[in-house]
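Engineer: just a sequence and a predicted model for now, questions to come.
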Amino acid sequence: MASAKRDIRSIIDSFSDDLILIAQDIARERVERAVAEWQAKNEKFLAKKSIQDEKAQRLEEKARKNQKALERIERVAEKRRAREEQKAAERALRLEQRLISDSTEKPKKPGRGRKSGGLLGEGAVKKEPTPPPLFVHKRRRDGEIQQLKRDEPLPAVSPASNGANSNGASSPAAPVVPEQLRLGL
């Protein structure tokens with residue numbers, strides 16, 4: 001009888017193991033089916049959520065890049081301000097030194113360079129101001145552009161050169177240029 005009980009028990013144990021495996025398979029199938037149904041119902045929601053997640057990531061990346069760019073710009077501006085302040089301080093220091101050196105210097109004696117009043121004095125160095133260039137152009141009928149020249153008054157005749165040189169020889173009269181030739185027409 002003991003062997004019969006043992007055999008019955010082994011059959012019951014194997015049967016219960018089989019039932020457990022069958023129950024696990026059924027439960028797994030039902031869970032998979034439920035998840036698939038839920039995904040099918042909420043597919044649009046999941047798609048929107050994934051798109052929103054991607055947008056959020058892109059926005060975070062843009063915000064990070066913008067923040068880095070702003071920090072870089074601020075660093076550059078700060079360096080520029082520091083350089084400008086340093087240059088201003090150097091200029092102020094140089095100006096101060098120049099003022100101090102100018103006030104403490106003794107008046108200089110005329111140097112051995114040019115002397116005023118000689119051949120290269122102030123009167124000889126200064127020249128008559130030249131008129132500003134004329135930037136007016138004239139277009140001919142054939143399309144060529146011609147720069148107009150300023151009408152300058154004829155040079156005044158000095159009393160020493162009114163027809164005779166100092167050595168007694170007469171100089172030829174200055175040729176008169178017609179206005180049309182001066183304008184290049």
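Structural biologist: It's in. Note that this is a predicted model, so its numbers are computed, not measured. Residues are numbered from 1 along each chain as shown.
Engineer: need phi/psi at Ile73.
Structural biologist: Main-chain torsions, Ile73, degrees, to the nearest 10: phi -60, psi -40.
Engineer: try Asn42
Structural biologist: Given degrees, to the nearest 10, the pair of backbone angles that Asn42 has is phi -110, psi 20.
Engineer: what about it, how many residues nearby?
Structural biologist: Counted by other Cβ atoms under 10 Å, the residues lying close to Asn42 total 12. For every residue, glycine as well, the C-beta is placed using N, CA and C.
Engineer: gap between it and Leu59?
Structural biologist: 24 Å (Cβ to Cβ, to the nearest Å).
Engineer: same check on Arg141?
Structural biologist: When distances are taken as Cβ to Cβ, Arg141 and Leu59 turn out to be 65 Å apart.
Engineer: who's more crowded, the two?
Structural biologist: Here Arg141 and Leu59 are compared on neighbour count by other Cβ under 10 Å; more neighbours surround Leu59, at 10 against 5.
Engineer: what strand or helix carries the more buried one?
Structural biologist: Counting by DSSP states H and E, the secondary-structure element that holds Leu59 is helix 43-104.
Engineer: what's that helix packed up against?
Structural biologist: In terms of contacts (3 or more Cβ pairs under 8 Å, 6 or more residues apart in numbering; DSSP states H and E), helix 43-104 is packed against no helix or strand at all.
Engineer: so where's this structure shaky on pLDDT?
Structural biologist: Along the chain, the model assigns pLDDT under 70 to residues 105-126, 131-137, 147-175, 177-178, 180-182, 184-185.
Engineer: separation between Ala4 and Ser14?
Structural biologist: In this structure, Ala4 and Ser14 are separated by 16 Å, where distance is defined by Cβ to Cβ.
Engineer: could you do Leu183 as well?
Structural biologist: To Ser14, Leu183 is 126 Å away according to Cβ to Cβ.
Engineer: go on, Val35?
Structural biologist: As judged by Cβ to Cβ, Val35 and Ser14 stand 32 Å apart.
Engineer: for Ala40, same thing?
Structural biologist: Per Cβ to Cβ, Ala40 is found 39 Å from Ser14.
Engineer: can you check Gln57 too?
Structural biologist: Going from Gln57 to Ser14 by Cβ to Cβ gives 54 Å.
Engineer: same question for Leu46.
Structural biologist: When Cβ to Cβ is the yardstick, Leu46 and Ser14 sit 44 Å from each other.
Engineer: what count of nearby residues applies to Arg94?
Structural biologist: Residues within reach of Arg94, counting by other Cβ under 10 Å, total 10.
Engineer: with the one 4 residues further on instead?
Structural biologist: For Arg98, the number of neighbouring residues by other Cβ under 10 Å comes to 10.
Engineer: please apply the same query to Lys65.
Structural biologist: The number of residues packed around Lys65, counting by other Cβ under 10 Å, is 10.
Engineer: same check, this time on Thr130
Structural biologist: Applying the criterion other Cβ under 10 Å, we find 6 residues in the vicinity of Thr130.
Engineer: many thanks, I have nothing further to ask.
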